[in-house]
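K.L.:
The following comprises the amino acid sequence and a computationally predicted model.
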Amino acid sequence: MRRFALGFFWLLGLSVLITPVFGQSYGSGLISPEQARRFGLERAWVTQIRVDPARGRIQHARIRVSRIHAKNIFEVTTKTGRRFVFSDRDLDLFGNPRGIDGAKKQANEKRQLLKTEGIEATIQERVVPDVTLYVITDQALIHALDAETGKTLWTTPIGNRRYPTVAPAISDNFVAVVNGSTVYVMKADDGQMVWSTKTVCFPVAGAVIADDVAFVPMLNGTVEGYDLKPDAHRWPEIYTGFGKIAHQPTVVGNRVLWGTGNGDVNAITARREGVRYRLKINTPIAGAITYAPPRQMFAVTKTGYLYSFDVTDGSLIWQFSTGMKSEQPASVVGNRVFVITKYGGTFCIDVKTGEEKWWASNMLKFVAATKNRVYGTTETGQMIVLNADTGALVGRIPTVLTDIMYINTTTDRIYVASTSGLVQCLHEIGAHWPTIHTSEAQQDGKPADSTKGTETKRDPFSGGAKPAAKPAPKADEDVDPFG
């Protein structure tokens, strides 16, 4: 009995010593704040997604920058760096939004109060577009999160959890998700179900939305287009391509493009019949087609070639050979396009000229990029930081293979998730507002206008982004929508 008691207390003491070690690695919240600060990053937020703790996991995540919704921010900053933020969406004593005038008044009152204390401060007005992170779990549950705060905006169950669910299609008005062979359409602002319908063939990849039409790629190589308007008919428009489709199409204005296993790139126009053009590359396409404003597209082949072509007519601009196999799409940020090879690292190429800027042998997945840094992962799952100009290694952030690093070419934020559904957002220290890279928001629309009257006003798409292009033409106009 005494031996049993001694053995029990020995095991109990051992467990006390061991538990903190495992608890720190598993429950620390992925990248710890200390590790992040060591590499010039800080945690913006962390949240838990609803998943089955035993077997559930996150399947898909997509980011959307709104073209029509934005926050008007008045930021009061002292010389010592203290910040006070007032938004037009802040609530007053009666629970109503203060509006632009109310937020501006609060900012001015704060500055006057600081002045009475002998502290000089300035007011800067910003228009920050709404950025939403959509997450889908393997339990057929879609979450809409504020990508800057982590706040859950809405959660909606879709279809049958036993059926496969592909990546969502997102626009400012709708969210369309395919579960099994059924298309489910929800309102983008609150997740309310609008309608659902069965597809003709079996879907193989995520849908996309262009001009309020959902385009779903099918197993037989066709694309079915469903009008999302509530009063529209539910029989789809069929677009025929050549070869199997394995990846989600790409939307540029009212154009939809996708690559096939035969090496063809097909382009169609929403609400118009037939294929607009086909670019024959004759080598299987690896990953989705990628867009670079104002009219440049990129296709990566499985043999390691990068093709740049014009979105309006498919004419070839330039091509680049990595000399190695590739299985991932290109990632475009600013004037750089990143091509990931299967075993040979990453090539950074100039968007306009097609010339190689640098090559990094240790990065095998792109994660995000800022003006001065590129973030990626190695084959062991570690996150690495590279110099954006030279590709030189800046540092390694300890992460593991079970951590999910989402590719983000839309903003400068880093999104990391665990298999248990824990999601966190990181950004560089001091980057309080998102820098928008390539998005639909720059291409065919702009966020809500803000009023004048502050000391400084800033474009919400700062960080090198060009002004928004003209809106796409109507479906019956046979003109270049990107001219």
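P.N.:
Here it is on my side, so go on.
K.L.:
so what's the residue nearest in space to the middle of the chain closest to, chain neighbours aside?
P.N.:
Nearest to the mean C-alpha position of the chain, by Cα atoms, centre = their mean, lies residue 63 at 3.2 Å. Spatially, and ignoring its direct neighbours in sequence, residue 63 is nearest to residue 410 (4.7 Å; Cβ to Cβ, 6 or more residues apart in numbering). All C-beta spots, glycine's among them, are computed from the backbone N, C-alpha and C.
K.L.:
ok, now residue 69?
P.N.:
Using Cβ to Cβ, 6+ apart, the nearest residue to residue 69 is residue 130, at 4.4 Å.
K.L.:
and residue 160, what is it in contact with?
P.N.:
140, 179, 180 (Cβ atoms under 8 Å, 6 or more residues apart in numbering).
K.L.:
again but with residue 256, I slipped
P.N.:
Each residue near residue 256 by Cβ under 8 Å, 6+ apart is listed here: 208, 210, 215, 223, 249, 250, 267, 268, 269, 270.
K.L.:
out of the contacts of residue 160, which are inside strands?
P.N.:
residue 179 (DSSP state E).
K.L.:
JSON lines for the contacts of residue 160, including neighbour count, pLDDT and distance to residue 274?
P.N.:
Listed next are the contacts of residue 160 as JSON lines, based on neighbours: other Cβ atoms under 10 Å; pLDDT from 0 to 100; distance: Cβ to Cβ, whole Å:
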{"residue": "140", "neighbour count": "21", "pLDDT": "89", "distance to residue 274": "34"}
{"residue": "179", "neighbour count": "22", "pLDDT": "95", "distance to residue 274": "29"}
{"residue": "180", "neighbour count": "18", "pLDDT": "94", "distance to residue 274": "29"}
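K.L.:
any idea where the helices of the chain begin and end?
P.N.:
2-27, 33-38, 99-116, 440-444 (DSSP state H).
K.L.:
on that earlier part again, next up, the contacts around the residue nearest to residue 69.
P.N.:
With Cβ under 8 Å, 6+ apart, residue 130 has these contacts: 65, 66, 69, 70, 71, 146, 447.
K.L.:
Tell me how far it lies from residue 139.
P.N.:
Distance from residue 130 to residue 139, counting by Cβ to Cβ, to the nearest Å: 26 Å.
K.L.:
what do you get for residue 418?
P.N.:
On the measure of Cβ to Cβ, residue 418 and residue 139 end up 16 Å apart.
K.L.:
now residue 175
P.N.:
17 Å.
K.L.:
out of these two, which sits in the busier spot?
P.N.:
residue 175 (28 against 17; other Cβ atoms under 10 Å).
K.L.:
nearest residue to residue 241 other than its sequence neighbours?
P.N.:
Nearest to residue 241 is residue 266, by Cβ to Cβ, 6+ apart, at 4.4 Å.
K.L.:
tally of neighbours for the one you found?
P.N.:
Around residue 266 sit 25 other residues, with neighbours defined as other Cβ under 10 Å.
K.L.:
State the pLDDT value of the residue nearest to residue 63.
P.N.:
pLDDT, residue 410: 94.
K.L.:
Can you tell me how far it is from residue 102?
P.N.:
Distance from residue 410 to residue 102, by Cβ to Cβ: 31 Å.
K.L.:
Between those two, tell me which one has more neighbours.
P.N.:
residue 410 (22 against 18).
K.L.:
pLDDT weak spots in the protein?
P.N.:
For the chain, the stretches with pLDDT under 70 are 1-29, 53-54, 401-402, 438-483.
K.L.:
what packs against the longest strand seen in it?
P.N.:
Ranked by residue count and defined by DSSP E, the top strand of the chain is strand 58-78. Here strand 58-78 touches strand 83-87, helix 99-116, strand 121-137, strand 414-417, helix 440-444, going by 3 or more Cβ pairs under 8 Å, 6 or more residues apart in numbering; DSSP states H and E.
K.L.:
follow-up on the earlier one: mind checking which of the contacts of residue 256 are in strands?
P.N.:
Short answer: the contacts of residue 256 in strands (DSSP E) are 208, 210, 215, 223, 250, 267, 268, 269.
K.L.:
give me the beta-bridge partners of the first one?
P.N.:
The bridge-partner assignment for residue 208, based on DSSP bridges, gives residue 215.
K.L.:
Could you do the fourth one as well?
P.N.:
Beta-bridge partners recorded for residue 223 (DSSP bridges): residue 217, residue 239.
K.L.:
residues near it, how many?
P.N.:
25.
K.L.:
Also the fifth one?
P.N.:
With neighbours defined by other Cβ under 10 Å, the count for residue 250 comes to 23.
K.L.:
What sits closest to it if chain neighbours are left out?
P.N.:
residue 289 (4.3 Å).
K.L.:
contacting residues for the one you found?
P.N.:
249, 250, 257, 258, 259, 265, 297, 298, 299, 329.
K.L.:
When you filter those residues down to buried only, what's left?
P.N.:
249, 250, 257, 258, 259, 265, 297, 298, 299, 329 (16 or more other Cβ atoms under 10 Å).
K.L.:
Can I get these in a markdown table including distance to residue 235?
P.N.:
Shown next, in a markdown table, are the buried ones among the contacts of residue 289 (distance: Cβ to Cβ, whole Å):
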| residue | distance to residue 235 |
| --- | --- |
| 249 | 20 |
| 250 | 25 |
| 257 | 24 |
| 258 | 22 |
| 259 | 27 |
| 265 | 27 |
| 297 | 30 |
| 298 | 34 |
| 299 | 31 |
| 329 | 32 |
